[in-house]
Each structure stands twice: as structure tokens, then as C-alpha cells.
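Asks: Requesting a structural model of the entry that follows:
(2 chains)
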There are 2 protein chains.
Amino acid sequence: MTDPLLHALVALLGERYAEPGAAAGARLSDKHQRYHGKARAFVRPASTEQVAAVVRLCAEHAACVVVQGGNTGLMAAATPDDSGRAVLVSLERMNAIREVDTANDTLTAEAGCILRQVQLAAEGAGRLFPLSLGAEGSCTLGGNLGTNAGGTAVLRYGNARELTLGLEVVTAEGEIWHGLRGLRKDNTGYDLRDLYIGSEGTLGIITAATLKLYPLPASRATAYVAFASLADGVALLAHARAGFSAALTGFELMAADCLALVAEQFPGSVLPFDRLTQPWYALLEVSYHGDHADAVALMERVLEGALEQGLITDASLAQSVAQSHAMWQLREHMSEAQAREGRNMKHDISLPLSRIEAFVASTAVQLQAQFPGVRHYTFGHLGDGNLHYNIASPRGMSVAAHMARYHALSRVVHDNVHAHGGSISAEHGIGQRKRDELPRYKSTVELGLMRRIKRALDPHNRLNPGKVIALENDTL
Amino acid sequence: MTDPLLHALVALLGERYAEPGAAAGARLSDKHQRYHGKARAFVRPASTEQVAAVVRLCAEHAACVVVQGGNTGLMAAATPDDSGRAVLVSLERMNAIREVDTANDTLTAEAGCILRQVQLAAEGAGRLFPLSLGAEGSCTLGGNLGTNAGGTAVLRYGNARELTLGLEVVTAEGEIWHGLRGLRKDNTGYDLRDLYIGSEGTLGIITAATLKLYPLPASRATAYVAFASLADGVALLAHARAGFSAALTGFELMAADCLALVAEQFPGSVLPFDRLTQPWYALLEVSYHGDHADAVALMERVLEGALEQGLITDASLAQSVAQSHAMWQLREHMSEAQAREGRNMKHDISLPLSRIEAFVASTAVQLQAQFPGVRHYTFGHLGDGNLHYNIASPRGMSVAAHMARYHALSRVVHDNVHAHGGSISAEHGIGQRKRDELPRYKSTVELGLMRRIKRALDPHNRLNPGKVIALENDTL
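Replies: Okay, the predicted model is just below:
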């Protein structure tokens, strides 16, 4: 052990929790094994004070700090670069639920808590913590906040940002901001909270958060509907928002090809309709304060109205919890079904709902002109304007040959997203993967403001350097 | 006209819209005539480009910029200081509704729009823009965003921050950030939007915003309830949130003394109960997707449950729109009733709901010990933990003698708020009025972060200097 920094970290945390960088193992690569880095040390502090002390030691020893949660992110935001100058910090030991305050409908949890653990703590107190996404069994709260995670309940409850009232943060200087407030209204100065949320560990290290809780719904109703066009789907969404109001908690879009693929790759699947006669389908979920029969009656009434108006051609209501579960399984198997068929190009995009049909139509024309035969798997959280717009290889072309065209093809997709007023990253963030695309789609004014904020809060570029925004001088 | 800056402003905007500072008249004082300032010039630009050009001229001529909306704020955030170095900017001519997009449920409006105008534009398109507060007939959208306004619908829809998707902002350098995005999900970099919202014109000038719209509720039900303690009130809120879910759009607290005062000062008032036998009352409003009879039935069911559990002692349901209106009138007349009785000391505070009863009890004991006989008028948005905690003079003491003790008395209130985890400004902001209180209640770490952000985005302290946060050097 010749590195004086490692020596000091061991003195602080002990040998078990302060190790050479290589000990980080799989944590040195991103989930999809696209990015690989090195670390000068790998540490697992147990408290906010220890995190702050680690940051101060890194400052003294000219190291930078990369914090990592469940390592489930898709943009490699938590993977260190290969310079070996980063100390990799895992907050896995900071996994306490510090407080559940049912009178205030808040829960305070440490950043290393697994999201599922937070959901269960809320349920144990008779409350709902609504953030819900595919990786909830392994992603951590810190990562959810660092990336402003979205998921399937944003339509009703908002992103991670809207679910957070207060934060505890370690700054680039190793100081602690004690901002764990449980207040719905607090207008006493600049909104530091929302600046840290979504900053992907580049402005500070979130160590704990005070989160909003909601009542557990008394009942749920689930249905599938079929419709002829995305314009009908958008009109259906408006109809459903008016008819269900805030009881509408899910509106998930699936192209017919997506459903067919799930049925093919998961032979036990039960499709909601005998034949897929329409190009588009949606899964609707209503969470209700009344009993189940009332929830189903409300669902029936609103969908009958949609049928009468010609917005949908067919509807299938879940008659039991098992049927509702089977409907959600179709949605949840979608990514895995595509993975089993072979890798494809994923785009996590969002659009104004008023422009989503025009985007899909014009992008398909351009893609077919430039990349004949590519196949579209389009699904996502239509209620939020968020599409997972995935492109698979033409029949007969190897996946490798298809993936080799990644940049050219994604350029077409993202240019079209931008032209339609959309975002090239709806819920996955920027990390290192999309960092160099930002200057194409953001103005120099906006990039300049982002750089000023980065320099103001992390003047030595110590926190997760090289992520989100390129600085002129990325080294310490 | 000897000031070269005024000369340049006239060349830019014309004499009608670029005048000497004295022409600003009443705009040089705050609404309550507590603060009075001077201006070097008074300008009314008509476009974002003109605002940007004004800021650039101010930079060239070593002037600073104070932007003002409806001048209804309570913290004197929009009143220039008396140095005469500020150009006062009114955005009253920037009052266009630029777009209503019903498919996307968004509305884009300029900062000079009166809030009521925005509400009506939404209603005209069959949608709800939920921000609602007493000054809505004269306050402007820019001021609402600059102060992150709250109001009576926060419980369901959130503050101004949560209702905003995108912004257009003029920076301290006179550049324009075109951030008018209509997206529910967009994780492409730092959250500039929420940094500008609530910054009271000290970081940038908001010139337009893209706002969220909601379905218009199909029906409403209103009720008054009586309860014996704040603990019961907090338990009732939890019961109502579970029973109504998101249909609960109002939960306004009133102490019995407040209701009695309204009845006294507004002799036409109709109290919901023959006698005020309990110390506390609340106005509940439910906004419903079904018809009126269903809304009333739901209200009855939930309030019957509250009666059975002993959370309330009595309930009175509005049987008509007129009765509902009369109930809301009681709430809306509360500030004016107090003003008619004589000035009192207002405190706009918020607390975690779990600590609100302890705060009210302990603060009353301390106040009575130090200021015997002061009278409490406590009301507010209990659903948000937001109290308007007003203190009137003891019977027999002159209002002037009472108000002379303002700082000593407010110190007791705010110290207690802080000790109970609350905020000394729930929805009114900081401005110049509470600026020097912040260091007592915020850590040096948080104040330091705020100063860094101010310096990063406004390095020459050009925008609304002296507001929100004290800098070491407040002059240009």
C-alpha cells in the first residue's frame, strides 16, 4: 500500500471498507459493459460524516470522486474514466430508513437504500411511495435522485424530483448541507434541492432525502385498449385524464409489434385480444379511493365513452388481480423480449404530445429511406410523452452490422426529436454516453449556464468529472 | 435628459416606454408602503429581445436592473433601493398568451400576463390552470414564478414551480435562454428552470413560461367541519387524503376567532354553524370527475367516517353553488377582516404537519409570557403545513405600540418555527424584508452555496441587488 491516499482512507474507514481500486470489480464497468474504468481506491463509507471526510481526503490528495448506487444506469454516469484518478464511492452501507412520519406523509431515507426497500417501508406504514421502475429491486435512492428517475407512475405523481422535499448533500469541499426538510412550502432562497437532483453526482453527493408519501389506493382497475393511430391515442389520453382525473395512474403505449414479440419470446403470455388487429395498444391503470367494483365501473364508463367517440376500437378489462398482473407482465417483459430477439438501438426520448404522431411518421420515413428494412419497437409512457423508441435490424441483417450504424441512425432519431421540440433523454440522463451529443441540441447560452454552475459548486472539477457536461479542462 | 443611459433606452424603446425613474410613481414603493426606492430610469419593453437589450445597456452604463410585475408582493422584492442606480423594468406590455396546446395540456404565456388572464385562457380551452391566490386579479405570472407562488390549490397541484415545464429567461449578460419546453420528462442537464423560479429576479429575468394544464373538474363539493384540536385536524387531513385521494383540492384551516372576526367585520357573512363551539374549523373542497351528486355523496361518506372516529364534532355541507361560494367568502375575507380591525403582525410560516400542534402550543405560551394579552389569528393552508400566523395587539393596547414590538415578537415566532423544523417564509419569499433573517436560520454552508450561485449567474450583482441574499459587496 504505497498510495498515501489509500493509507489515509484505510485509517478513516478500516481495511474492509477502504480498498485498492481493483477491488471494485464489476463496479468499474457499466451495466451493459460498454464503458470500463479504473479507480485509485474503492470505499464504502457508513455515514454522511465519513462521506464528507472521504471527499476532503480526495481534495488533499488531488483525487476525484465518483459515487455509485446500484450501477443500473444506462448512460454510464457512475463508471469512472480510465485515468485511475477517481476514488469510487459506494453508499451501500448507508441504507437506513431514518424516519417515517405518517402525520406529515414523509419518509427520510439514506441514499444507499434500494428503491424497493423504500417502497416497502412506506407500505409498512400504510402509505405509498410511488416511484416505480424496472430496476427497483436493485437501483438505489441515491441513483434515482442523481438521475431524476421517472418510471411508470410519473403521469400521476411526477418524477423523482417531484417526490422529494429535502436533501442531505456532501459538497465538493467535503462540507455537509443539512437540507432534510419535510415542508410542502418553503420559499427561503435558491432551489438547491432541484439543482442537485438530476446532476448525476457532478455537483454534490446526495446522502439522504426526505420523500413525499401518498395514501395507498383502495383499489385498482386495469384495461387494455386498441386504437388505430397515435392521434387517437393522444385524444384517448385527454379523454381519460378528463374522465379519471388524478385516478389515472398508468397510460402505457405499446405498438402491436411489441406485443407480438412478447407473446413470441414469452410463450406463456396471455394477450388481451385474440388478434392484434390494430397498430397500437395501451395499458390503462386507475388507482381508486373507493372499492374495486366502483373502480371497474368507472373504467367501464370512461372506456365506453371512448368507444362511442371512436377513439378506440376495442377494450379488455382485467376481471381479477391475476388478469391485471398478466396485463402488466406484457408491459414489463417488453425490454427482455427485445433483448432475447437480439440487441437493438434504444432511444429514451420525450415529445410534446401534440407532436408525437408527426415525429413517429416523419422519422419512420427518413429511417426507411436511409436504413431500409429497419424494424421499429415503439412503446413507453405515453402519458408523459416518453417513448422508448427502439430500432431493430432489418430481417436478414446481422445484429453486429446493424449496431455498427448506431451513430448515424441515432443521429436521425435525435435530430427529429429536436426538430419536434423533444428531449433526447427523457428519463435516463446524460452520463458519459450522451454527453457529446448535448452541444448539438442545447444552445451555447444553456451550456454556458450549466458550466458556470458546475464551476461554482465544484471549482476543481472533483465530482464525477467528464459526465453530463464537457469542461474545457477536464483534469484536476 | 442628461443621463446617457436614459438616452440609449429612449433610442431603444421610444420616449413613451423609456422614462426617467420618477415616472415609475407608485412602483417605487412596495404594496404596503413600507419600502421606498429610486430608479435611474423606468422602462416597459415589449419583447424578450427588448428586455435583453435593456439589460445589455444597463451593463454598459453600470446600472442594475429591478424587474417588477403586479407589485403585489409582501417582501418588497420588487422595490428598488434608494441609491438610484437601478433601472426599473415593468413587463406589463409582455402580456401575450403565446400558445395553448390542448393535446399537450400546456399553455405558454408571457411574464406580464395577469394570473387571472392565464386562468381564463386555460378555461377558454376547457382546461384548468390551478394556481390561485388572493392577488390573482392583479399579480403577474412573472411575479408568481419569481416568488414560486403558492395559494389555495397547492395541496393537489403544487406550487408555481410544480406547474411550470419550461422558461424563457434573460440572463445578467443580456442573453436569452430559450427553455420553453413542454415536456413532462427531460433529463438533459442541470435544472436551470427551478433555479430561476423562486429567485426573485436576482439570477435572471423570466420573460415567458410553458405551464401545465389540467382537466376542468366536472363538479365540486364544499364543506365546513369543526374539531377540538390541531391534532384532530392533522388526523382529519390524513383521513381526507385517504378517502378523497387527489380529489381533495382544498383544506383550509381557520381558528374560531378568525371566523368570529369575519362575521363581525362583514355583517352579511353566513357562518356554517349556529354557534362556534370548537376552537378550530376547516373548509374542505373536493373536485370531482363525476357529477355533483356523486361528489356530495363522497363528501358525506368521508365526513361520516370522520365523525364516527371522533376527528370532527360537526360538519356542514354546501347544498348549492351559492352556499359553497359563501363558505369560500369566509376564508377569502379573513385578511381584510383583520385589516379592518387594525394592523397586526403577519407570519407566513410552514411546519411539518407532525409538529404543527406542538409549535402552536409552545409559541402561544412563550408569546403570552413575553407579550401578555396578544391575540392570535391563526389560519392557512393546513394541507400544505402553511399557517398564516398573525398576532394582533392586546385589547386596550394601541396598534402603534403593538407594531413597535414587531422584531422582538417575530423573533419568538420564527425561532419557534425553526426549532420545529419549519420555514419562516412558506410562500411569500424573502425579498428585502426577510433577507437579514436568513443567516439566523440557514447554515453557513447553505448561504455559501446560494452566494456561489448568485456570483456564477450574476457576477456583477446587476440583477435585483440586495434582495434574497446579502453579498459582501452589494454595489456594482
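
Asks: Now chain A against chain B: closest residue?
Replies: Using CB to the nearest CB, the closest approach of chain A to chain B is made by A:A246 at 3.1 Å. To be clear about C-beta, it is placed using only N, CA and C from the backbone, and glycine gets the same treatment.

Asks: for that residue, phi and psi?
Replies: For A:A246, the backbone dihedrals (degrees, to the nearest 10) come out as phi -70, psi 0.

Asks: So it is in contact with B:A247, correct?
Replies: Yes: counting by CB atoms under 8 Å, A:A246 does reach B:A247; the two are 7.2 Å apart.

Asks: Between the two, tell me which one has more neighbours.
Replies: Taking neighbours as other CB atoms under 10 Å in any protein chain shown, A:A246 and B:A247 compare with B:A247 leading, 26 against 22.

Asks: Distance of the more buried one relative to B:R156?
Replies: B:A247 sits 8 Å away from B:R156, going by CB to CB, to the nearest Å.

Asks: Also A:P279?
Replies: On the measure of CB to CB, A:P279 and B:R156 end up 36 Å apart.

Asks: Might you calculate how far the longest helix seen in chain A sits from the centre of the chain?
Replies: Longest helix in chain A by number of residues (criterion: DSSP state H): helix A:292-308. Distance, stretch centre to chain centre, for helix A:292-308: 31 Å (CA atoms, centre = their mean, to the nearest Å).

Asks: Mind listing residues that contact that helix?
Replies: Residues from elsewhere that reach helix A:292-308 (CB atoms under 8 Å, 6 or more residues apart in numbering or on different chains): A:219-221, A:223, A:225, A:236, A:239-240, A:243-244, A:247, A:284, A:286, A:288, A:312-313, A:315, A:317, B:290.

Asks: Quick one: buried ones out of these?
Replies: Neighbour-count burial (16 or more other CB atoms under 10 Å in any protein chain shown) applied to the contacts of helix A:292-308 gives A:220-221, A:223, A:225, A:236, A:239-240, A:243-244, A:247, A:284, A:286, A:288, A:312, A:315, A:317, B:290.

Asks: which element is the most centrally placed residue in chain A on?
Replies: In chain A, the residue lying closest to the centroid (CA atoms, centre = their mean) is A:A149, at 3.6 Å. Assigned by DSSP states H and E, A:A149 belongs to no helix or strand.

Asks: contacting residues around it?
Replies: Contacts for A:A149 were tallied using CB under 8 Å, 6+ apart; they are A:L131, A:L133, A:C139, A:G143, A:N159, A:A160, A:E427.

Asks: Just the element for the fourth one, please.
Replies: Read it as A:G143. Element membership of A:G143 [criterion: DSSP H and E] is helix A:141-146.

Asks: Show me what that helix is packed up against.
Replies: On a contact count with 3 or more CB pairs under 8 Å, 6 or more residues apart in numbering or on different chains; DSSP states H and E, helix A:141-146 meets strand A:64-68, helix A:115-124, strand A:205-212.

Asks: if we look at that helix, which residues are touching it?
Replies: Applying CB under 8 Å, 6+ apart, the external contacts of helix A:141-146 come out as A:67-70, A:72-73, A:77-78, A:91, A:109-115, A:118, A:131, A:149, A:160, A:164, A:167, A:196-201, A:206-207, A:209, A:429.

Asks: Quick check: what element follows the helix or strand containing A:H407 along the chain?
Replies: Assigned by DSSP H and E, A:H407 belongs to helix A:406-419. Using DSSP H and E, the helix or strand that follows helix A:406-419 in sequence is helix A:438-441.

Asks: Please save the CA atoms from that following helix in PDB.
Replies: Provided in PDB are the C-alpha atoms of helix A:438-441 (Å, rounded to 0.1, in the frame of the first residue of the first chain):
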ATOM      1  CA  LEU A 438     -25.700  17.800 -25.800                       C
ATOM      2  CA  PRO A 439     -23.900  20.700 -27.700                       C
ATOM      3  CA  ARG A 440     -25.800  19.700 -30.800                       C
ATOM      4  CA  TYR A 441     -29.200  20.200 -29.200                       C
END
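
Asks: Buried residues in that helix, which are they?
Replies: By neighbour count on 16+ other CB under 10 Å, the buried set for helix A:438-441 is A:L438, A:Y441.

Asks: Likewise for stretch A:171-180?
Replies: Using 16+ other CB under 10 Å as the test for burial, stretch A:171-180 gives A:T171, A:A172, A:E173, A:G174, A:E175, A:I176, A:W177, A:G179, A:L180.

Asks: and that stretch, does that touch chain B?
Replies: Yes: using CB under 8 Å from any CB of the partner chain, stretch A:171-180 reaches chain B at A:T171, A:E175, A:I176, A:W177, A:H178, A:G179.

Asks: For A:P279 and B:R156, work out which one has more neighbours and name it.
Replies: Neighbour count, other CB under 10 Å: between A:P279 and B:R156, B:R156 has more, with 22 against 15.

Asks: quick one: that one from chain A, how far?
Replies: Distance, B:R156 to chain A, using CB to the nearest CB, to the nearest Å: 8 Å.

Asks: Per-residue pLDDT of that residue, please?
Replies: According to the prediction, B:R156 has pLDDT 94.

Asks: got it, and A:N344?
Replies: 87.

Asks: wait, it sits on A:S393?
Replies: Yes: A:N344 lies in contact with A:S393 (CB under 8 Å); the separation is 7.2 Å.

Asks: contacting residues for the residue nearest to A:T202 when sequence neighbours are not counted?
Replies: Spatial nearest neighbour of A:T202, excluding adjacent residues (CB to CB, 6 or more residues apart in numbering or on different chains): A:N464 at 4.6 Å. For A:N464, the contact set (CB under 8 Å, 6+ apart) comprises A:C64, A:V65, A:V66, A:V67, A:A77, A:A78, A:E200, A:G201, A:T202.

Asks: Could you pull up phi and psi at the fifth one?
Replies: The main-chain torsion angles of A:A77 are listed as degrees, to the nearest 10 and equal phi -70, psi -20.

Asks: How about it, nearest residue that isn't a chain neighbour?
Replies: Nearest to A:A77 is A:G431, by CB to CB, 6+ apart, at 3.2 Å.

Asks: still on that earlier bit, strands - which of the buried ones among the contacts of helix A:292-308 land there?
Replies: A:R220, A:A221, A:A223, A:V225, A:L284, A:V286, A:Y288, A:A315, A:L317 (DSSP state E).

Asks: List, out of the residues you listed, those positioned next to chain B.
Replies: Answer for these near chain B (CB under 8 Å from any CB): A:Y288.

Asks: pLDDT added to the ones in strands among the buried ones among the contacts of helix A:292-308, as TSV?
Replies: Listed next are these as TSV, based on pLDDT from 0 to 100:
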residue	pLDDT
A:R220	93
A:A221	96
A:A223	97
A:V225	98
A:L284	97
A:V286	95
A:Y288	85
A:A315	97
A:L317	96
